[in-house]
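Trainee: sequence unavailable; structure follows:
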């Protein structure tokens, strides 16, 4: 997990996703799904919304997960859904 976060912070988002993807299947925690979703989103992978949704489903009240999902929805043109996440 920490290696994936480090790769992300260094701007190596594709490498971060490569570390976090397999980890999310072994340890399906919201923290991992969230970081995976952000790495996927920043590297333009279409799976980012699914990962960010899984993070949000794991902890629907976490403001970071709501914001990150809202941001990804906004950038994909899903304005109403993004607005709902930002309101939440």
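Mentor: Sure, I can see it. These numbers were taken from a predicted model, which means no experiment stands behind them. Numbers count the residues shown, from 1 in each chain.

Trainee: only C-alpha atoms from now on, for both contacts and neighbour counts.
Mentor: Fine.

Trainee: which residue sits farthest out from the middle of this protein?
Mentor: residue 80 (18.9 Å; C-alpha atoms, centre = their mean).

Trainee: ok, the spatially most central residue of the chain - contacts?
Mentor: Nearest to the geometric centre of the chain sits residue 37, at 2.4 Å (C-alpha atoms, centre = their mean). By C-alpha atoms under 8 Å, 6 or more residues apart in numbering, residue 37 lies in contact with 47-52.

Trainee: okay, and it sits in which element?
Mentor: Applying DSSP states H and E as the criterion places residue 37 in helix 30-42.

Trainee: just the element for the residue farthest from the centre of the chain, please.
Mentor: helix 79-87.

Trainee: what's in contact with that helix?
Mentor: With C-alpha under 8 Å, 6+ apart, helix 79-87 has contacts from 66-67, 69-74.

Trainee: how about the residues you listed in TSV, adding neighbour count and pLDDT?
Mentor: Formatted as TSV, these follow (neighbours: other C-alpha atoms under 10 Å; pLDDT from 0 to 100):
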residue	neighbour count	pLDDT
66	24	96
67	19	96
69	29	97
70	26	97
71	20	96
72	19	96
73	20	96
74	17	96
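
Trainee: what about these, which are in helices?
Mentor: Using DSSP state H, the members of the contacts of helix 79-87 that fall in helices are 66-67, 69-74.

Trainee: how about the following helix or strand past the helix holding residue 37: buried residues?
Mentor: The C-terminal neighbour of helix 30-42 among helices and strands, as given by DSSP H and E, is helix 48-58. By 16 or more other C-alpha atoms under 10 Å, the buried positions in helix 48-58 come out as 48-49, 51-56, 58.

Trainee: hmm, residue 48 is touching residue 38, no?
Mentor: Yes: Residue 48 lies in contact with residue 38 (C-alpha atoms under 8 Å); the separation is 6.8 Å.

Trainee: understood, closing this out.
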